[in-house]
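In: Generate a structure from the sequence data that follows.
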Amino acid sequence: MYIDTHAHLTDKIFEGQINDILSEAKQSKVEKIITSGFDLNSSKEALDLAKKYDNIYCSIGVYPENIYDYNEQIENQLKKLSQNKKVVAIGEIGLQYTENMPEHEKQKEVFLRQIKLAKDCKLPVVLHCREAYGDMISLLKKNKDLLTFGGTFHCFSGSYEIAKEAIKLGLYISVGGVSTFKNAQNVKNMLKNIPLENIILETDCPYLIPHPYRGKVNKPSYIPLIAENLAIIKGCNIEQVENITTQNANNLFKI
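Out: Okay, the predicted model is just below:
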């Protein structure tokens, strides 16, 4: 079986389709799905959805773009949500240094508050990072004590050198549809050189659909395509990818 460790099943594009999405996923051997929040409201929605289905779990947190009004009240509400057994991680949280994003120091402040929250809640972290790998690795190294319960770099697109540093910190590298793109040679090279024991799978659906379905809506049922491509990159059989990445996800998220 497979686990889709990062999805956005509360996206409006899936409205009224969840039963069909889960049926298709099961046919593709995707037995468990973690749906992710990106602000307080979407975190609540993710948990509500997870409560309705045995095989859906959730992560909760505030993504960099949504931190402008982050405060103690929001943090306390996240902490309260985390007490539900269907919440398996704090995330997605992190840093994003692209245009029109919050000021870098504000991002760092909220990021550190949320990785501390994860430790307080005894949960792993799901990390989002775009054009900020240097600062993120530096912050994580300085605050390694906050990573007691581990975590993963969601939709990782960094270099092999950054991946090695993440692995030293006890973090997993999460692989999605980008790894199947023809122009993603840097991602393929990175994956070729890190152990399968440090990799988990995700779709980030409805985004980043794997080749050859680009332009359509991504779904958890496409996880086997990502696994098949990873097996080719690693020069192993798909059963190894299935078994090891699923065990890795179980070890991290305790599901």
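In: longest strand in this protein, by residue count?
Out: Looking across the chain with DSSP state E, the single longest strand is strand 87-96.
In: helices and strands around that one, which ones?
Out: If you count contacts as 3 or more C-beta pairs under 8 Å, 6 or more residues apart in numbering; DSSP states H and E, strand 87-96 packs onto strand 30-36, strand 56-60, helix 104-121, strand 125-130, helix 133-142. Where you see a C-beta, it was placed from the backbone N, CA and C, and this is true even at glycine.
In: try 6 Å
Out: For strand 87-96, the elements it packs on are strand 56-60, helix 104-121, strand 125-130, judged by 3 or more C-beta pairs under 6 Å, 6 or more residues apart in numbering; DSSP states H and E.
In: could you dump the longest one to CSV, C-alpha only?
Out: Just to be clear, that refers to helix 104-121. Only the C-alpha atoms of helix 104-121 are listed here, as CSV (Å, rounded to 0.1, in the frame of the first residue of the first chain):
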residue,chain,number,x,y,z
HIS,A,104,11.7,37.7,6.0
GLU,A,105,12.2,38.3,9.7
LYS,A,106,8.5,38.0,10.3
GLN,A,107,8.5,34.7,8.5
LYS,A,108,11.4,33.4,10.6
GLU,A,109,9.6,34.5,13.8
VAL,A,110,6.4,32.7,13.0
PHE,A,111,8.2,29.7,11.6
LEU,A,112,10.1,29.3,14.9
ARG,A,113,7.0,29.7,16.9
GLN,A,114,5.3,26.9,15.0
ILE,A,115,8.2,24.4,15.2
LYS,A,116,8.2,25.1,18.9
LEU,A,117,4.4,24.4,18.9
ALA,A,118,5.1,21.1,17.1
LYS,A,119,7.5,20.1,19.9
ASP,A,120,5.0,21.1,22.6
CYS,A,121,2.3,19.1,20.8
